[in-house]
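*Asks:* Here is my input, please return the structure:
(chains A and B)
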Amino acid sequence: MFLYAFIFPLLSIIAIIWFVFRYKHGKNSLSTVIVWSAFWIFVSLFSVFPDFSSIFARLFGITRGLDFIIILVFVILFYTVLKMYFIMDNMQDNLNKMVKEVALNNEITLEDEEE
Amino acid sequence: MEYKITSEDKDATYVVLPAYNEATRIQPVIEAIAEKGYNLVIVNDGSSDNTLDVIMESKKKYPNKMHVFSLMVNRGVGVATQTGFEAVLKFNPKYIVSMDSDGQHSADDLDEVIKPLVTGRAQAVIGVRPLEDMPRSRNYANAIMNLLTRIFYRVDVSDSQTGFRALTVDALRKITINARGYLISSEFIREINDNNIPFEEVPIKTIYTPETQAKGTNVVVAMKILIQMIRDQF
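*Replies:* You can find the predicted model right below:
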């Protein structure tokens, strides 16, 4: 058995515990825990039983299990980048609203300048 | 007979100036506008130089003509102009103009730009820069932006990237500007069109210097605007 067959399940357990811990402290939603737990369970299955990926690969018309994993990683990375972009965009909007609001409520007068 | 802008018209007009790092250029712009009898709403866009100090120096000369607001951090010309448009509503204006604060626009054009609003011919005005005066790189970028504005926003104008624009307070209340950066120029035109606000194009003078050319719509900015236009479709 290869080393990664031990490392990935260990990483998966840590990741799942981390997501559950964050959920208990209200830092992420139940759906996030489910999606990420499913992801890490699949990672563990792929590392312990490499042939397992071939079953999924055939489902999507891909010949090799490894190709399926590479494509899956790209999809996940793309989704993560897109999600980060939307989070950042939202934060920019909130920041703009706040900065505007502060400016609008504080017209600068000559008295302010003297202070 | 040609209508002549009166002092009452000027009293009812507020010029919005967004300013980012314009310490060396903004003072003559402010003073030319104030000398003509127009009111000003100046928004310092989180400048890292002493733009705000220069603005306040001018305010000492024209304390009743100027209102100054300052964004804590730089958020872009779109956000600064939005702030100016929201701030101006506090002063019950009839006509609102927005101009660049780097000196590329002339205060001498203000009368002509607000004339269609005052006479009731239009509710919005776009100041159109002469193409022959424009540097070649700016000319290409502008042509691309006019084409993109036509494709994405379905409005055909001669100068979609002009920073010199004017509108009545009723028109201002109808439009919604969300752009953060230079997309504001195209978004302004889209909003005018979508809200069926009658508009006119008025030719304006443009003063190009190496400093004014460094800002505004170049090919890189045009690419950023394109990405934002595509994003706006979703």
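
*Asks:* avg pLDDT for the longest helix seen in chain B?
*Replies:* Counting by DSSP state H, the longest helix found in chain B is helix B:136-153. Helix B:136-153 shows a mean pLDDT of 79.

*Asks:* buried residues in that helix?
*Replies:* Residues of helix B:136-153 classed as buried: B:138, B:141-142, B:144-146, B:148-149, B:152-153 (neighbour count, 16 or more other CB atoms under 10 Å in any protein chain shown). All C-beta atoms are positioned from the backbone trio N, CA, C, and that covers glycine.

*Asks:* Repeat that for stretch B:161-180.
*Replies:* For stretch B:161-180, burial by neighbour count (16+ other CB under 10 Å) applies to B:161-169, B:171-172, B:174-175, B:177, B:179-180.

*Asks:* One more: stretch B:184-199?
*Replies:* B:184-193, B:197, B:199.

*Asks:* quick revisit: follow the chain on from the longest helix of chain B and name the next helix or strand.
*Replies:* Using DSSP states H and E, the helix or strand that follows helix B:136-153 in sequence is strand B:165-168.

*Asks:* Can you list the helices and strands that whatever helix or strand residue B:201 lives in packs against?
*Replies:* Per DSSP H and E, residue B:201 falls inside strand B:199-203. Contacts defined by 3 or more CB pairs under 8 Å, 6 or more residues apart in numbering or on different chains; DSSP states H and E place strand B:199-203 against helix B:110-118, strand B:124-128.

*Asks:* go with 10 Å
*Replies:* Contacts defined by 3 or more CB pairs under 10 Å, 6 or more residues apart in numbering or on different chains; DSSP states H and E place strand B:199-203 against helix B:110-118, strand B:124-128, strand B:165-168, helix B:184-194.

*Asks:* Chain A contacts on chain B?
*Replies:* Within chain B, the positions near chain A by CB under 10 Å from any CB of the partner chain are B:41-46, B:52-53, B:55-57, B:59-60, B:63, B:66-76, B:78-80, B:82-84, B:86-87, B:89-90, B:178, B:180, B:231.

*Asks:* Give me the nearest residue to residue B:16, chain neighbours excluded.
*Replies:* residue B:84 (3.4 Å; CB to CB, 6 or more residues apart in numbering or on different chains).

*Asks:* pretty sure the one you found is touching residue B:67, no?
*Replies:* Yes - at 9.3 Å, residue B:84 counts as touching residue B:67 under the criterion of CB atoms under 10 Å.

*Asks:* Now for the two: what residues contact both?
*Replies:* B:14, B:16, B:40-43 (CB atoms under 10 Å, 6 or more residues apart in numbering or on different chains).

*Asks:* Could you tell me how many residues sit around the closest residue to residue B:26 other than its chain neighbours?
*Replies:* Ranked by CB to CB, 6+ apart and with sequence neighbours excluded, the top spatial neighbour of residue B:26 is residue B:101, at 4.9 Å. Residues lying near residue B:101 (other CB atoms under 10 Å in any protein chain shown) number 30.

*Asks:* do you know how far the nearest residue to residue B:204 once chain neighbours are set aside is from chain A?
*Replies:* Among residues not flanking residue B:204 along the chain, residue B:127 sits closest, at 3.9 Å (CB to CB, 6+ apart). Remark: distance between residue B:127 and chain A (CB to the nearest CB, to the nearest Å) = 25 Å.

*Asks:* ok, now residue B:107?
*Replies:* 22 Å.

*Asks:* Provide the strand pairings for the strand holding residue B:201, with the direction of each partner.
*Replies:* Paired with strand B:199-203 in the same sheet, following DSSP bridges, are strand B:124-128 (parallel).

*Asks:* Show me which residues of chain A sit near chain B.
*Replies:* A:85, A:89, A:92-93, A:95-110, A:112-114.

*Asks:* Helices - which of those residues land there?
*Replies:* A:85, A:89, A:92-93, A:95-104, A:110, A:112-114.

*Asks:* Just the buried ones among those residues, please.
*Replies:* Among those, those classed as buried by 16+ other CB under 10 Å are A:96, A:99-100, A:103-104.

*Asks:* Give me the pLDDT value at the residue lying closest to residue B:63 once chain neighbours are set aside.
*Replies:* Spatial nearest neighbour of residue B:63, chain neighbours left out: residue A:110 (6.3 Å); criterion: CB to CB, 6+ apart. Turning to residue A:110, the model gives it a pLDDT of 84.

*Asks:* Residue A:110 reaches residue B:62, doesn't it?
*Replies:* No - using CB under 10 Å as the test, residue A:110 is too far from residue B:62 to be in contact (11.0 Å).
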